[in-house]
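# Compute the structure for the input listed below.
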Amino acid sequence: MAKYRKKPVIIDAWQWDGSEGMAIQLIQNNTVKGSVQKVLEGETPTVAFRIFTLEGAMSVSEGDYIIRGVEGEFYPCKPNIFEKTYESVGISVGEIDAALAEHNLHESWIEMEDDSNNLEALREILSRELNDNREEL
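Below is the predicted model:
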């Protein structure tokens, strides 16, 4: 048996808080394709969230991460596996969006998303800027 190491790639991930609101927001923002519905388990209503993956529809549990893979595909990941496999690169999607909005760069970002070299360069610039701003605080 041969051993392998994951290549270092940067992924986008969202940790689902179990709320209907977050599930709906992820779907309405076209972050993921999926469905959400309230389910009555005994006396307590819960939220059932399913996302469409390359393998078909998969359930997402509260606390699971939803990962956008290197080919743009989505899949859920249990928190214990996620924490063993990934580490933060110091900038979140929300922070990127906020910085882009603050500097009126959101349209440029959308245009650059098709070019991975430009996208990575922009992420690096924003990451440095956000980290510099954090250090000033």
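
# Okay, buried residues for the longest strand along the chain please.
Criterion DSSP state E: the longest strand present in the chain is strand 44-53. For strand 44-53, the neighbour count (16 or more other Cβ atoms under 10 Å) marks 47, 49-51, 53 as buried. (Glycine included, C-beta is placed from N, CA and C.)

# ok, residues contacting it?
Applying Cβ atoms under 8 Å, 6 or more residues apart in numbering, the external contacts of strand 44-53 come out as 16, 18-20, 23, 32-40, 57-60, 66, 73-76.

# let's see it at 7 Å
For strand 44-53, the surrounding residues in contact (Cβ atoms under 7 Å, 6 or more residues apart in numbering) are 16, 18-20, 23, 32-39, 57-60, 66, 73-76.

# mind listing what that strand pairs with, with the direction of each?
strand 34-41 (antiparallel), strand 56-60 (antiparallel) (DSSP bridges).

# average pLDDT for that strand?
Summarised as a single mean, pLDDT over strand 44-53 is 88.

# any chance you could map the helices in the chain?
Secondary structure of the chain by DSSP state H: the helices cover 20-28, 79-85, 93-102, 106-112, 116-136.

# How is this protein partitioned into domains?
Here the domain parsing of the chain from automatic domain parsing is 12-85, 93-136.

# lowest-confidence stretch among those domains?
For those, where the average pLDDT is lowest is domain 93-136, sitting at a mean of 63.

# for stretch 72-88, which positions count as buried?
74-77, 82, 86.

# Repeat that for stretch 17-24.
22-23.

# what's the spacing between that stretch and its chain's center?
Stretch 17-24 sits 14 Å away from the centroid of its parent chain (Cα atoms, centre = their mean, to the nearest Å).

# which residues are in contact with it?
For stretch 17-24, contacts defined as Cβ under 7 Å, 6+ apart pick out 16, 36, 38, 47, 49, 62.
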